[in-house]
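>>> Here's my sequence, what's the structure:
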Amino acid sequence: MTTATQHHNNDVREHILATGQRIMAGKGFSAVGLNEILKDAGVPKGSFYHYFGSKEAFGVGMLERYFEDYLADLDRALSQPGLNMAQRLMNYWQLWQESQSFSDCQGKCLAVKLGAEVADLSDTMRLTLLSGTSGIISRLAQALETGVAEGSLTIDDTPGTVAESLYQLWLGASVMVKIVRNMSPFDSAMATTQKIIHIA
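Numbers count the residues shown, from 1 in each chain. This is a model prediction of the structure:
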C-alpha cells in the first residue's frame, strides 16, 4: 500500500466516523442506519465494510475517536499557562456547559447521548465507554491532587473519589439539561462543584 493510498484510506475512515458522530449525537445509535450516515458522507456502502466489519465495530471506532479528541482537549484545558489548577478546572467545567448544549452539541456530547443506550446494546462499546470515562476521571484526579498540593483548592476525600463524584455530577447534569431544556442543572452543578473543591 502506497503512502498516498494509506492517507486516502485514513481520510475516508475519518470522514465516515466524523459524519456518524455528528448524526448519532443528535439521534442516538439505534435510530441511525448505515445508509443515512453513508448518504450524508457521500460514501458507497461497500467502502463502509472496507473500514468497519459491522455497525458495532463502527460504534467502537467512533467512541474511540471521540474520547481521543476529548482527552486531548482536556489535557489542554488542564495545562493552560498562567492559571492555577482550580482556575483551570473551573474553565473546564465552563467549557463543558458550552459544549453540552441541549439544542446542538455538534457531536461533542456523545458520551452523554449514547452512554446508557449502547451500554445495554454492546459490551464492546460499553468497555470503550468505560475506558474513555476512566481516562477523564484519572486526569481530573491528577488535577485535583495538583490543586491541593499548590493550595488553590481543598477536598474532603481522596482525589480519585472526588474526581469520580464530580464527573458523575456533570454527566447527570448534562442529562437533566436535555430533559428540562434549559441550563439550570449546569448552574446547580457549578455551585456544587465549587463547594466540593472549596473555592468561592
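
>>> The closest residue to residue 197 other than its chain neighbours in helix, strand or coil?
Nearest residue to residue 197, sequence neighbours excluded (C-beta to C-beta, 6 or more residues apart in numbering): residue 153, at 4.3 Å. Placement of C-beta: from N, CA and C, glycine included. Secondary structure, DSSP: H, G, I helix; E, B strand; the rest coil: residue 153 is coil.

>>> So what does the nearest residue to residue 87 once chain neighbours are set aside have for phi and psi?
Leaving out its chain neighbours, the residue that sits closest to residue 87 by C-beta to C-beta, 6+ apart is residue 152, at 7.2 Å. The phi and psi values for residue 152, taken as degrees, to the nearest 10, are phi -90, psi -10.

>>> how about residue 152, what does it touch?
Neighbouring residues of residue 152 by C-beta atoms under 8 Å, 6 or more residues apart in numbering: 84, 85, 86, 87, 199.

>>> Go again with 7 Å.
Listed by C-beta atoms under 7 Å, 6 or more residues apart in numbering, the contact set of residue 152 reads 84, 85, 86.

>>> coming back round to it: the residue nearest to residue 197 and residue 99, how far apart?
The span separating residue 153 from residue 99 equals 23 Å under the rule C-beta to C-beta, to the nearest Å.

>>> Looking at those two, which one has more neighbours?
Neighbours were counted for residue 153 and for residue 99 using other C-beta atoms under 10 Å; residue 153 has more, 23 against 15.

>>> Contacts only, for the more buried one.
Taking C-beta under 7 Å, 6+ apart, we find residue 153 in contact with 85, 86, 147, 197, 198, 199.

>>> Check residue 186 too.
Neighbour list for residue 186: 97, 173, 177 [criterion: C-beta under 7 Å, 6+ apart].

>>> what do you get if the cut-off is 6 Å, keeping everything else the same?
Residue 186 is in contact with 97, 173, counting by C-beta atoms under 6 Å, 6 or more residues apart in numbering.

>>> all numbers from here: first residue = 21
With the count now opening at 21, the last piece we talked about shows up as residue 206.
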